[in-house]
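[1] could you work out the structure for the sequence below:
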Amino acid sequence: MEDLRRNALWLILVETARSLPMYKHHKAYVRDSVLPEEPEVSAEDLAHRLEMPLGEALVILAELRDGGAD
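    Predicted coordinates for the structure are as follows:
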């Protein structure tokens, strides 16, 4: 994950993910329901389960695991 965050495109991915209509809802669901039960869930699994783009799942997990902005 740290390698991704050092990439110049990371900020563009974050901006794009946050602009998705379901982003806030997905993030709240992951925070309240998924992570308490499965704290080590992968971005790939999360994207598949919630039928969201992988980039959105990566951003959500990065923010929640690092105590990022809500």
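
[2] and the residue lying closest to residue 22 once chain neighbours are set aside, what does it touch?
    Spatial nearest neighbour of residue 22, chain neighbours left out: residue 52 (7.1 Å); criterion: C-beta to C-beta, 6 or more residues apart in numbering. (C-beta placed from N, C-alpha, C; glycine too.) By C-beta atoms under 8 Å, 6 or more residues apart in numbering, residue 52 lies in contact with 20, 22, 26, 46.

[3] residue 39 now?
    Applying C-beta under 8 Å, 6+ apart, no residues contact residue 39.

[4] just to revisit the earlier point, buried ones among the contacts of residue 52?
    Using 16 or more other C-beta atoms under 10 Å as the burial test, these include 26, 46 as buried.

[5] look up how far residue 18 lies from the residue of the chain positioned farthest from its centre.
    Farthest-out residue of the chain from its mean C-alpha position, per C-alpha atoms, centre = their mean: residue 8, at 17.8 Å. Distance, residue 8 to residue 18, using C-beta to C-beta, to the nearest Å: 18 Å.

[6] from residue 60, how far off is residue 49?
    As judged by C-beta to C-beta, residue 49 and residue 60 stand 12 Å apart.

[7] which residues do those two both contact?
    Common neighbours of residue 49 and residue 60 (C-beta under 8 Å, 6+ apart) do not exist.
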